[in-house]
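*Asks:* heads up, no residue letters with this:
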């Protein structure tokens, strides 16, 4: 199986963020042989590839996007086989990155090889059928800070006036079986570091201290109770979660001088960044707190409503597996948030995500060929429409 062999070759490269470990060279060689023009847009120690087949300005650009980097392995002694030695066992392919997302990369490359095989072979489309260009946008910095990866390629494309019309991101999206879920959007992520100021002192002299934990408690309770929005047809309501809280010197007889909290919004398109920030400040100010608040935007929400791209993917899934895919916007952030700034239609589709980032990450061997077929059918329809 071509997909299996390429997936194994990619898994064998220990590409822990931001090290690409030669994955892009391997993929670039195979795409170059198909007529793709390969461009490296490396930045800040991150490896980035933009590969395009077709003339700039002629037709639409149909893109596959993904990442070659993987998260660290975790405890090696808990792996049943070495994480960078791809291993088949009981119908599964094991290895770090097997599901997230080297199986998707292998499937997309093989799909392109079938689409652009020499004329006269068992090729799905002919040159006369092709109306649009195809591209690959790949990075080695999706699992990390995502500062020098896809965002840099998008900036380069913006600077020269290029855009993408449809993009399939190969993130592992499925829940139980291949084809059961397509992600047609993602929530935004807005984080904050909050410092509530008080006055430190001895616990036995409460009149000489200001306990920031006590002062903050009513405000925290109010923030937790707020309904930030009701979501919409595509997104669940915005959520507010405290992720870290710390105060004190570690002893039992000192009132802390400050109370440090970290919290995060996973927010839908029903809310705005500015609106969330303003409401937080209103609560803190209402309770008379002295504080410092520093915001970090992890990503804006993006959404591709039901339309061409979602329909094409759903049809390719149905034709291949016989199943019906659910549209969903659940989960964390992805590089789709950057691509959506130059692309109106972004959807994510890949294998089952049950073991991603876990010890003994795996992908079902029997799902690899159908995944390539789904990509091939979707690319073919989009390239010829």
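*Replies:* Sure, I can see it. Predicted, not measured: the structure shown is a model, and the values here were computed from it. Numbering: from 1, shown residues only.

*Asks:* residue ranges for the helices of the chain, please.
*Replies:* Per DSSP state H, the chain carries helices over the ranges 2-11, 23-32, 103-115, 150-159, 212-225, 273-286, 308-321, 336-339, 368-383.

*Asks:* among the ones you listed, which is nearest residue 300?
*Replies:* For the helices of the chain, proximity to residue 300 was assessed by C-beta to C-beta; helix 336-339 is nearest, at 5.9 Å. Any C-beta I mention is one placed from the backbone N, CA and C, and that applies to glycine too.

*Asks:* and that closest one, what does it pack onto?
*Replies:* Packing partners of helix 336-339 (3 or more C-beta pairs under 8 Å, 6 or more residues apart in numbering; DSSP states H and E): strand 61-67, helix 150-159, strand 166-169, strand 185-186, strand 345-348.

*Asks:* please name every helix or strand in contact with the shortest one.
*Replies:* Packing partners of strand 185-186 (3+ C-beta pairs under 8 Å, 6+ apart): strand 302-303, helix 336-339.

*Asks:* any residues touching the first one, and which ones?
*Replies:* Outside strand 302-303, the residues within contact range by C-beta atoms under 8 Å, 6 or more residues apart in numbering are 184-186, 234-235, 269, 329, 336-337, 340, 346.

*Asks:* center of the chain - which residue?
*Replies:* residue 334 (1.9 Å; C-alpha atoms, centre = their mean).

*Asks:* ok, back up a step: tell me the most buried of the helices of the chain?
*Replies:* Of all the helices of the chain, helix 103-115 carries the top mean neighbour count, a mean of 25, counting by mean count of other C-beta atoms under 10 Å.

*Asks:* tell me what it is packed against?
*Replies:* Contacting helix 103-115 under the criterion 3+ C-beta pairs under 8 Å, 6+ apart are the following elements: helix 2-11, helix 23-32, strand 61-67, strand 133-139, helix 368-383.

*Asks:* and the residue nearest to residue 266 when sequence neighbours are not counted, how far from residue 223?
*Replies:* Counting by C-beta to C-beta, 6 or more residues apart in numbering, residue 187 is the residue found nearest to residue 266 once chain neighbours are left out, at 4.5 Å. Between residue 187 and residue 223 the distance is 18 Å, computed by C-beta to C-beta, to the nearest Å.

*Asks:* and if you look at residue 250?
*Replies:* From residue 250 over to residue 223 (counting by C-beta to C-beta), the distance is 27 Å.

*Asks:* for residue 140, same thing?
*Replies:* For residue 140, the distance to residue 223 - C-beta to C-beta - is 37 Å.

*Asks:* likewise residue 154?
*Replies:* To residue 223, residue 154 is 34 Å away according to C-beta to C-beta.

*Asks:* ok, now residue 45?
*Replies:* Distance from residue 45 to residue 223, by C-beta to C-beta: 38 Å.

*Asks:* for residue 182, same thing?
*Replies:* 34 Å.

*Asks:* picking that back up, reformat the helices and strands packed on strand 185-186 as CSV; add mean pLDDT.
*Replies:* Formatted as CSV, the helices and strands packed on strand 185-186 follow (pLDDT from 0 to 100):
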stretch, mean pLDDT
strand 302-303, 93
helix 336-339, 95
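
*Asks:* so which of the ones you listed is nearest residue 209?
*Replies:* Closest to residue 209 of these is helix 336-339 (C-beta to C-beta; 44.1 Å).

*Asks:* need the contact partners of the closest one.
*Replies:* 63, 65, 137, 146, 150-151, 154, 164, 167, 169, 171, 183, 185-186, 188, 299-302, 346, 348.

*Asks:* can I see the domain layout of the chain?
*Replies:* With domains defined by automatic domain parsing, the chain comprises 2-186+301-383, 188-299.

*Asks:* deepest-packed of the ones you listed, please.
*Replies:* Most buried of those, by mean neighbour count (mean count of other C-beta under 10 Å): domain 2-186+301-383, with a mean of 20.

*Asks:* and that domain, end to end?
*Replies:* The stretch domain 2-186+301-383 measures 23 Å between its terminal residues, going by C-alpha to C-alpha, to the nearest Å.

*Asks:* for the chain, what are the low-confidence residue spans?
*Replies:* Along the chain, segments meeting pLDDT under 70 span 119-122.

*Asks:* tabulate the helices and strands packed on helix 103-115 (TSV), appending distance to residue 88.
*Replies:* Shown next, in TSV, are the helices and strands packed on helix 103-115 (distance: least, C-beta to C-beta, whole Å):
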stretch	distance to residue 88
helix 2-11	8
helix 23-32	20
strand 61-67	23
strand 133-139	25
helix 368-383	11
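
*Asks:* isn't residue 84 right up against residue 13?
*Replies:* Yes - shown here, residue 84 and residue 13 form a contact pair, counting by C-beta atoms under 8 Å, at 7.4 Å.

*Asks:* the residue nearest to residue 281 when sequence neighbours are not counted bridge partners, please.
*Replies:* Excluding the flanking residues, the one nearest residue 281 by C-beta to C-beta, 6+ apart is residue 293, at 7.2 Å. With beta bridges defined as DSSP bridges, residue 293 has these partners: residue 194.

*Asks:* please tell me I have it right and residue 293 contacts residue 194.
*Replies:* Yes - Residue 293 lies in contact with residue 194 (C-beta under 8 Å); the separation is 5.2 Å.
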